[in-house]
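Please find the sequence and the predicted model below.
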Amino acid sequence: MSRDTDTQGCHVLVLLSGGMDSTAAVAFYLDQRCDVDCLFVDYGQVAATREFLAAQRVTAYYGVPLRRITCVGVHDKQSGLVLGRNAFFLFIALMEFGAPSGLIAAGVHAGTPYYDCGGAFVERTQSVFDGYADGRIRIGVPFLTWSKRDIWEFCQDKRVPVHMTYSCELGREQPCGECRSCKDLEALHACPKLDA
């Protein structure tokens, strides 16, 4: 698993949801002078259309390629915990990586109750990656130990276009006032601005 910044020149495929965290990951790896492209996964989430539009805005802003994969399954997907979601994202990205080596990056961070946002999940998934790719393709999680506020401050510092992102789990106008993502964003927007 990669948490460091020794990635200069590396090929990075960012799992881009259109939200702030994955957009920050795009900025992070571009800042490291990596060769970045992005993958959006439509797995049948209610916000898929708005998330994809946000992902298109973000990749246009940064001038990086965006690919989309649709695999909606047979059951409706609700907001909040979706069992296996991050594992699904990572393994479909591994299938579609298209380079002999590099990173598959995700914007997961500390402070969530979800198993697939923690270090143990990343380490176990990396061990499976190693079985397939012999260590040549790593999982990049630069924000694994960061709080949401840390990512927000990074975005402010790096002029990440947070206004272009979308993360309402219910697929509504932001902020909806109900889902966890919108409540987090409302709290962050209420924080004092960093010095310019």
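Everything's here; your move.

and residue 59, what does it touch?
Contacts of residue 59 were listed using C-beta atoms under 8 Å, 6 or more residues apart in numbering, and they are 16, 26, 38, 65, 66. The way it works is simple: take the backbone N, C-alpha and C, and place the C-beta from them, glycine included.

Return the member of the residues you listed nearest to residue 132.
Of all the contacts of residue 59, residue 38 has the smallest distance to residue 132: 21.5 Å, by C-beta to C-beta.

I'd guess the closest one is in a helix, am I close?
No - remark: residue 38 does not belong to a helix; assigned using DSSP: H, G, I helix; E, B strand; the rest coil, it is strand.

mind checking how far the residue nearest the centre of the chain is from residue 68?
Within the chain, one residue has its C-alpha closest to the average C-alpha position: by C-alpha atoms, centre = their mean, that is residue 22, at 2.9 Å. Distance of residue 22 to residue 68, given as C-beta to C-beta, to the nearest Å: 14 Å.

Over to residue 151?
Shown here: residue 151 relative to residue 68, a distance of 24 Å by C-beta to C-beta.

same thing with residue 160?
Separation of residue 160 from residue 68 (C-beta to C-beta) stands at 22 Å.

Report pLDDT for the residue lying closest to residue 145 once chain neighbours are set aside.
Among residues not flanking residue 145 along the chain, residue 110 sits closest, at 5.5 Å (C-beta to C-beta, 6 or more residues apart in numbering). Here the pLDDT value assigned to residue 110 is 93.

ditto for residue 2
You'll see residue 2 listed with a pLDDT of 43.

cool, residue 92 as well?
Confidence at residue 92, expressed as pLDDT, is 97.

rewinding a little: tell me who's in contact with the residue nearest to the centre of the chain.
For residue 22, the contacting residues are 14, 15, 16, 106, 107, taking C-beta under 8 Å, 6+ apart as the criterion.

In which helix or strand does it reside?
Element membership for residue 22 (DSSP states H and E) is helix 20-31.
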